[in-house]
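K.L.:
Okay, sequence plus prediction incoming.
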Amino acid sequence: MKVSVVVCTYTLDMYEHFREAADSVLAQTHDDVELVVVVDGTPEVYEQVVDDYGDREDVVIECNDENVGLLESRNRGAAIASGDVVAFIDDDAIADEAWVERLVRAYEEEDAIAAGGKMTPAWVAGKPSFLPEEFYWLIGVTHRGFADGPGEVRNTFGSNISFRADVFAELGGFDVDIGGRKGDKNLQGGETELCARMRERYGQGVWYDPDAEVAHKVFEYRTEFRWLVDRAFWQGYSKRAMESFVEDEGGEEGAFLGALVTEFIPTRTLKLVRNSSLAKASQLVSLFLFTAAVGSGYVYGIWDWDDDTLFR
């Protein structure tokens, strides 16, 4: 089974990180991997990629005429890919050497139509003591409570997800109106919307294998409390937006909220009472604050909702 891995990049500031991502794809234990690089409208980056990888038969390199954003770049990468499976990883991530092998196993043994794995944190500037694992999803890392083990989920993170190429093509790829900044709105959820459409059409979700690991670099700005609160707010707004595109959207978020209220917060509170520490206290406070930020974003989405103007 041939797997095409799409990596999109666009700035020289990220080039060394991109090289680590690309090299991790080319070092996979699976013996039939194609790396597809899409440079999003930056000629100098494209020239550098060609210099470094242009002589390899297992690498395909394309450059957009202009900056069109991540989701449209991913769609272009999938369109030129030649694999039976198309996988996606970000240019600030590093794949475990057995990542593709584990994904292929999901297709061959579980009859999956989409597969993904666990995102682990690679702390560039150190782990913030106030950030609870329940909210690691704010930094693009698999959070506590995501899944108990291997099995079908709605979707995994966009930096560790793959699809049968024919399924991705039949679905029309990512909806490019979903992700990124639209005016003052920072919308998230391109993979969520795509996977929800996939479930509606095929009756299947994404097969999750926690051993298919990708490490996501967590830069210093992503550990700043103000950035995380802003991220939480727009995640809440995006959840409200998703409800207009996908029937029954919010089931997994509702389950997570239930676990947060009935399990995670009581457990953390009990541990704090039994053995108090500043880190435990700050994480408990952060649980409430991040939850409030998500809720505020969702409420703002209800108030601000307008089918004609939401994505402008």
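P.N.:
That came in fine, so what should we check first?
K.L.:
residues making contact with the one helix or strand residue 46 maps to?
P.N.:
Here residue 46 is covered by helix 43-53, with elements defined by DSSP states H and E. Residues outside helix 43-53 that contact it (CB atoms under 8 Å, 6 or more residues apart in numbering) are 9-12, 15, 18-19, 22, 35, 37, 39, 59, 61, 63. For glycine as for every other residue, the C-beta is placed from the backbone atoms N, C-alpha and C.
K.L.:
Same check on stretch 166-175?
P.N.:
71-72, 74-75, 78-79, 86, 113-114, 163, 190-191, 193-194, 197-198, 201-202, 245.
K.L.:
quick one: the helices in the protein?
P.N.:
15-26, 43-53, 70-80, 99-109, 165-171, 190-202, 225-242, 251-259, 265-274, 278-304 (DSSP state H).
K.L.:
Make JSON lines out of those and add mean pLDDT.
P.N.:
Shown next, in JSON lines, are these (pLDDT from 0 to 100):
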{"stretch": "helix 15-26", "mean pLDDT": "98"}
{"stretch": "helix 43-53", "mean pLDDT": "98"}
{"stretch": "helix 70-80", "mean pLDDT": "96"}
{"stretch": "helix 99-109", "mean pLDDT": "98"}
{"stretch": "helix 165-171", "mean pLDDT": "98"}
{"stretch": "helix 190-202", "mean pLDDT": "92"}
{"stretch": "helix 225-242", "mean pLDDT": "83"}
{"stretch": "helix 251-259", "mean pLDDT": "59"}
{"stretch": "helix 265-274", "mean pLDDT": "74"}
{"stretch": "helix 278-304", "mean pLDDT": "81"}
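K.L.:
Out of these, which gets nearest to residue 215?
P.N.:
Among the helices of the chain, the nearest to residue 215 by CB to CB is helix 15-26 (8.7 Å).
K.L.:
same for that closest one, what does it pack against?
P.N.:
Using 3 or more CB pairs under 8 Å, 6 or more residues apart in numbering; DSSP states H and E, the elements in contact with helix 15-26 are strand 3-9, strand 33-39, helix 43-53, strand 93-95.
K.L.:
Send me the first one as PDB with only the CA atoms.
P.N.:
Yep, that's strand 3-9 we're talking about. Provided in PDB are the C-alpha atoms of strand 3-9 (Å, rounded to 0.1, in the frame of the first residue of the first chain):
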ATOM      1  CA  VAL A   3       1.000   6.300   1.300                       C
ATOM      2  CA  SER A   4       1.400   9.900   0.200                       C
ATOM      3  CA  VAL A   5       2.100  12.300   3.000                       C
ATOM      4  CA  VAL A   6       1.300  15.900   2.300                       C
ATOM      5  CA  VAL A   7       3.300  18.600   4.100                       C
ATOM      6  CA  CYS A   8       2.400  22.300   3.500                       C
ATOM      7  CA  THR A   9       4.800  25.100   4.300                       C
END
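K.L.:
quick check: angle from it to helix 15-26?
P.N.:
Interaxial angle of strand 3-9 relative to helix 15-26 (axes from the mean of the first three to the mean of the last three CA atoms, to 10 degrees): 180 degrees.
K.L.:
same question, the second one
P.N.:
Taking the same axes, to 10 degrees, one finds strand 33-39 and helix 15-26 inclined to each other by 160 degrees.
K.L.:
Run the chain-centre distance for strand 33-39.
P.N.:
Mean-position distance between strand 33-39 and its chain equals 18 Å (CA atoms, centre = their mean, to the nearest Å).
K.L.:
just the CA coordinates of it, formatted as PDB?
P.N.:
What follows is strand 33-39, C-alpha atoms only, in PDB (Å, rounded to 0.1, in the frame of the first residue of the first chain):
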ATOM      1  CA  VAL A  33       6.000   6.400   1.100                       C
ATOM      2  CA  GLU A  34       5.700   9.500  -1.100                       C
ATOM      3  CA  LEU A  35       6.300  12.900   0.300                       C
ATOM      4  CA  VAL A  36       4.200  15.600  -1.300                       C
ATOM      5  CA  VAL A  37       5.400  19.200  -0.500                       C
ATOM      6  CA  VAL A  38       3.100  22.100  -1.200                       C
ATOM      7  CA  VAL A  39       4.700  25.500  -0.800                       C
END
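K.L.:
ok so, going back, pull out the buried members of the contacts of stretch 166-175.
P.N.:
Among the contacts of stretch 166-175, the ones that count as buried by 16 or more other CB atoms under 10 Å are 71-72, 74-75, 78-79, 86, 113-114, 163, 190-191, 193-194, 198.
K.L.:
Return the backbone torsion pair for residue 30.
P.N.:
With angles defined as degrees, to the nearest 10, residue 30 sits at phi -70, psi 140.
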